[in-house]
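>>> heads up, no residue letters with this:
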């Protein structure tokens, strides 16, 4: 206790020469860092020193709105994938050692190992029959071991369509929407409604409000449908979560536009992975680096980020092109570095940077 009192006394002396303006700015920055850290860590572990300091400060500020809280609420974390310690996982090393003693001969293994990559639709019996037709003698159990070693499941399991395969095959017809929360400097909560196209990765920020009602969601749905009609979109499915703000009126509005609503499973964010990934990108590249004052400031920042995301930011899925800007074709081979004249454009005071050729 004496050591804590001494160190905090020296820390208090450091704050005495600071002006009220500097202290207010530091408090605003620290308050903004708190929600950023809460999204990155789970439930924090407090030491005895942390409890003493927080309890003392909260007791000194009792009755005043100083913003000190000794309890952090842990974020809800979805069970996208959990590692279980089962009997099979425990015996797996022993099974691998036994399987290594029964591997096929060195002459046959390299050729047969490449066979499942060429034709993995049939089961091991089908592959064994194809090998026999080619005059290659091998036991059916050997083919089964090679398939298992390469991680290829049995034929009935390979016939089922996974969610990732469905998203890839239906990308041209898929839209995804979601609501996410933003905190202002005053501690107010604002909710943003955004929609993304799976095929082009184009994002549409439809609106933001402090009180998201069902009527507000329906009105934004009308705006979205008009925008899609003007753009000539061929979307047929809309992925959304099970938020209570999406009422039957919203689903009926979407159904009238020949869009089928697909609701995600309970605590399964991977079913809306593209939308969740964009929200993470928006937080990391914009919201975590910007102090949001009010709703109008948030809308202005999101509009700037939407333009940057759709017209400039490269996407790996689109081969480093932007949703609304294809990559320029090189003329007479790639240009030399000495011939390039590049200009930088800053958005939101340098938070977002864009590089273009000089006019």
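It's in. Quantities reported herein were computed from a predicted structural model and do not represent experimental measurements.
>>> how about residue 199, secondary structure?
Counting by DSSP: H, G, I helix; E, B strand; the rest coil, the backbone at residue 199 sits in coil.
>>> that one contacts residue 174, correct?
Yes. Counting by CB atoms under 8 Å, residue 199 touches residue 174, with 7.3 Å between them. Heads up, the C-betas are built off the backbone N, CA and C, glycines and all.
>>> out of these two, which sits in the busier spot?
residue 174 (21 against 17; other CB atoms under 10 Å).
>>> residues in contact with the more buried one?
167, 197-199, 235-237, 239 (CB atoms under 8 Å, 6 or more residues apart in numbering).
>>> can I get those in TSV with distance to residue 298 and pLDDT?
Shown next, in TSV, are these (distance: CB to CB, whole Å; pLDDT from 0 to 100):
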residue	distance to residue 298	pLDDT
167	30	68
197	23	93
198	26	91
199	28	89
235	27	89
236	32	91
237	29	92
239	24	93
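>>> hmm, which of those residues are the buried ones?
When burial is judged by neighbour count using 16 or more other CB atoms under 10 Å, the buried members of the contacts of residue 174 are 167, 197-199, 235, 237, 239.
>>> now, which of the residues you listed sits nearest residue 300?
residue 197 (23.3 Å; CB to CB).
>>> contacts only, for the closest one.
By CB under 8 Å, 6+ apart, the neighbours of residue 197 are 174-175, 233, 235, 323.
>>> and if you look at residue 52?
Counting by CB under 8 Å, 6+ apart, residue 52 has contacts 1, 4.
>>> mind checking how far it is from residue 358?
59 Å (CB to CB, to the nearest Å).
>>> please apply the same query to residue 7.
According to CB to CB, residue 7 and residue 358 sit 55 Å apart.
>>> for the residue minimising distance to the centre of the chain, helix, strand, or coil?
Closest residue to the average C-alpha location of the chain: residue 277 at 2.1 Å, with CA atoms, centre = their mean. What three-state DSSP gives for residue 277 is helix.
>>> roughly how far apart are it and residue 201?
10 Å.
>>> now swap in residue 31 and tell me
According to CB to CB, residue 31 and residue 201 sit 33 Å apart.
>>> neighbour-wise, which of these two wins?
residue 201 (21 against 15).
>>> that one and residue 313 touch, don't they?
No. Using CB under 8 Å, residue 201 makes no contact with residue 313, being 9.4 Å away.
>>> returning to what we had before: mind checking which of residue 7 and residue 358 has more residues around it?
Between residue 7 and residue 358, counted using other CB under 10 Å, residue 7 has the larger neighbour count: 12 against 7.
>>> tell me who's in contact with residue 191.
Counting by CB under 8 Å, 6+ apart, residue 191 touches 179-182, 208-210, 212.
>>> widest-spaced pair of those?
180 and 210 (13.9 Å).
>>> between these two, which is the more surrounded one?
More neighbours surround residue 180 than the other of residue 180 and residue 210, with 18 against 11 (other CB under 10 Å).
>>> hmm, back to that, of all the contacts of residue 174, which comes closest to residue 348?
Checking these against residue 348 by CB to CB gives residue 197 as the nearest, at 24.1 Å.
>>> ok, that closest one to residue 247 distance?
24 Å.
>>> you'd agree residue 282 is up against residue 306?
No. Taking contacts as CB under 8 Å, residue 282 lies outside contact range of residue 306: 9.3 Å.
>>> which of those two has more neighbours?
residue 282 (22 against 16).
>>> skipping adjacent residues, who's closest to the more buried one in space?
Of all residues not flanking residue 282 in the chain, residue 305 sits nearest, at 6.4 Å (CB to CB, 6 or more residues apart in numbering).
>>> could you do residue 193 as well?
Going by CB to CB, 6+ apart, residue 193 has residue 206 as its nearest residue, at 4.8 Å.
>>> state whether that neighbour is indeed within a strand.
Yes. Assignment of residue 206 by three-state DSSP places it within a strand.
>>> how close does residue 294 sit to residue 260?
Distance from residue 294 to residue 260, by CB to CB: 37 Å.
>>> wait, residue 225
14 Å.
>>> and the two? which has more neighbours close in?
Neighbour comparison, residue 225 and residue 260: the larger count goes to residue 225, with 16 against 12 (by other CB under 10 Å).
>>> just give the nearest non-adjacent residue to that one, would you?
Residue nearest to residue 225 in three dimensions, not counting chain neighbours: residue 257, with 4.9 Å by CB to CB, 6+ apart.
>>> any idea what the nearest residue to residue 204 once chain neighbours are set aside is bridged to?
Nearest residue to residue 204, sequence neighbours excluded (CB to CB, 6+ apart): residue 195, at 4.7 Å. Applying DSSP bridges to residue 195 gives these bridge partners: residue 177, residue 204.
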